[in-house]
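1. sequence and predicted structure, then a few things I'm wondering about:
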Amino acid sequence: MGDSDLKKAFDSAFMVDRRFWKSARGRAHWLESEGWQDAIAGPLWSIVRHGGCDYVYPRQDSFFADVHDPASLRNLLFEWHARLVSNIGRFAPSTDAEVSDQLLMQSLVERIRVVIERAIEIESHRWQAIHTPAR
């Protein structure tokens, strides 16, 4: 996946247009998880836009405590992703429109997972290039 492909994947996962939703209830449920989405999107957007996310490592705040390398960032992003998936799992559709929205939510969390994997791969390569001593 090239950089432009990663940007497209990011946009597909995080830029959900209002018209995609079939029910107000489904859209509202997705919006309830916006905090998890935003938390995940921040470092990913930095990687997509700037090729890395150095800003997370020196931060030892409530968001990025114990994040000191790409592996620990990956663990944190997947922890947040698991919470997002759990929230989506609590949605109990009661109409055909809501079933459609549930499928959309499931598709979005899968897209987010793919973006996490690819972005962390890029970040890991960048990290290694900076932190590996020259021979």
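-> Here it is on my side, so go on.
2. pLDDT (mean, whole number) over the longest helix along the chain?
-> In the chain, with assignment by DSSP state H, the single longest helix is helix 96-131. For helix 96-131, mean pLDDT rounds to 96.
3. and the next helix or strand past the helix or strand bottoming out on mean pLDDT in the chain?
-> Using mean pLDDT, DSSP states H and E, the weakest-scoring helix or strand in the chain turns out to be helix 3-14, at a mean of 91. Proceeding N to C from helix 3-14, the next assigned helix or strand is helix 24-32, under DSSP states H and E.
4. buried ones in the longest helix of the chain?
-> Using 16 or more other Cβ atoms under 10 Å as the test for burial, helix 96-131 gives 98, 100-102, 104-105, 108-109, 111-113, 115-116, 118-120, 122-123, 126-127. C-beta coordinates here come from the backbone N, C-alpha and C atoms, glycine included.
5. stretch 78-92 too?
-> For stretch 78-92, by 16+ other Cβ under 10 Å, it's 78, 80-81, 84-85, 87-88, 91.
6. now pLDDT, distance to residue 133 and secondary structure too, for those, in a markdown table please.
-> Below are the buried residues of stretch 78-92 laid out as a markdown table (pLDDT from 0 to 100; distance: Cβ to Cβ, whole Å; DSSP: H, G, I helix; E, B strand; the rest coil):
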| residue | pLDDT | distance to residue 133 | secondary structure |
| --- | --- | --- | --- |
| 78 | 98 | 29 | helix |
| 80 | 96 | 33 | helix |
| 81 | 97 | 33 | helix |
| 84 | 96 | 38 | helix |
| 85 | 97 | 39 | helix |
| 87 | 94 | 43 | helix |
| 88 | 94 | 44 | helix |
| 91 | 96 | 49 | coil |
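7. ok, and the closest non-adjacent residue to residue 63?
-> Using Cβ to Cβ, 6 or more residues apart in numbering and skipping residues adjacent in sequence, the residue nearest residue 63 is residue 39, 6.6 Å away.
8. do you know how far that neighbour is from residue 102?
-> According to Cβ to Cβ, to the nearest Å, residue 39 stands 22 Å off from residue 102.
9. ok, back up a step: let me know the closest of the buried residues of stretch 78-92 to residue 61.
-> For those, the minimum distance to residue 61 (Cβ to Cβ) is 14.7 Å, reached by residue 80.
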